[in-house]
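Colleague: Sharing a sequence plus its predicted fold:
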Amino acid sequence: MIEIVPNWHPLWVHFPIALLSVAALLFWLTSLKPDHHRAAMLTSVARWNLALGLVSLAPTLATGLLAYNSVAHDSAGHVAMTRHLWVALLASLLFVLAGLLAWRDRRRAAGAAPLLALLLLPAWLALMTTGYLGAENVYRHGIGVERLPDPDDHHHGHNGHGDHDHDGAPPEARQEHSHPSTEMDGHQHHH
Ligand code: HEM
């Protein structure tokens, strides 16, 4: 396991979110204008995005469950993870149904069957909610976070220079930075 990654779930989550969103968007657009000269090609792109998005759900769900069973958490974090789990399963189920409908509809020249276009709406909303709740796990409940910032270790200047001008500072100066006793006024920086 690469040390900076507490588990592999955050690496996978982007794939279903992006691929399934593009699929939904393109199905909607091509259904609005099935006669457009690009509609057939874009419908094919939508189908590929849907298929790849469905494939990417497998590692996303698997790594999510692994994370669920391994990460340190408290009770609030547990409730948040469980809520995220259920909405993720709902989103996955709805997209699998969408995949079946799209397969049944595969001979259509362009656009989506009305039922598919309709189903993609709750599916996409559930997917977005899953992403939001997943981010809450991390940013609100600190799940999967290996260390929190130590604000006492880093002070911002009051002279308008800020504190992010470390470029060119010699390594000794950077070390000094993590030494609170020399840091109290926050102006140990070389500008
Ligand atoms: C559709 C499937 C899923 C999607 C799109 C998804 C999405 C996300 C996202 C966007 C995050 C935040 C990552 C970050 O900010 O770096 C996250 C975190 C998390 N998710 Fe999921 N998730 C899915 C399924 C699951 C499942 C089934 C579980 C099992 C309970 C799960 C458990 C977790 C946990 C524990 C975290 C906290 C970060 C970590 O330890 O990896 N996820 N998820």
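Modeller: Noted; the coordinates are in hand.
Colleague: Once you drop chain neighbours, what's closest to Leu121?
Modeller: Among residues not flanking Leu121 along the chain, Ala24 sits closest, at 7.9 Å (CB to CB, 6 or more residues apart in numbering). Where you see a C-beta, it was placed from the backbone N, CA and C, and this is true even at glycine.
Colleague: which secondary structure element contains His73?
Modeller: Using DSSP states H and E, His73 sits within no helix or strand.
Colleague: what's the closest residue to Arg106 other than its chain neighbours in contact with, if anything?
Modeller: Of all residues not flanking Arg106 in the chain, Arg47 sits nearest, at 7.2 Å (CB to CB, 6+ apart). Taking CB atoms under 8 Å, 6 or more residues apart in numbering, we find Arg47 in contact with Ala23, Ala102, Arg106.
Colleague: so the first one sits right up against Leu54, yeah?
Modeller: No - contact between Ala23 and Leu54 fails when scored by CB atoms under 8 Å: they sit 9.0 Å apart.
Colleague: just to revisit the earlier point, just the buried ones out of the contacts of Arg47, please.
Modeller: Neighbour-count burial (16 or more other CB atoms under 10 Å) applied to these gives Ala23, Ala102.
Colleague: Now Leu65. Nearest residue, chain neighbours left out?
Modeller: Per CB to CB, 6+ apart, closest to Leu65 is Leu85, 7.8 Å.
Colleague: Now do the buried residues in the strand or helix carrying Ala135.
Modeller: For Ala135, the host element (DSSP H and E) is helix 114-139. Residues of helix 114-139 classed as buried by neighbour count (16+ other CB under 10 Å): 116-117, 119-120, 123-124, 126-127, 129-131, 133-134, 136-138.
Colleague: so, in contact with the ligand or not, that helix?
Modeller: Yes - for helix 114-139, a contact with the ligand is found by CB under 6 Å from any ligand atom, at Thr130, Gly131, Gly134, Ala135, Asn137, Val138.
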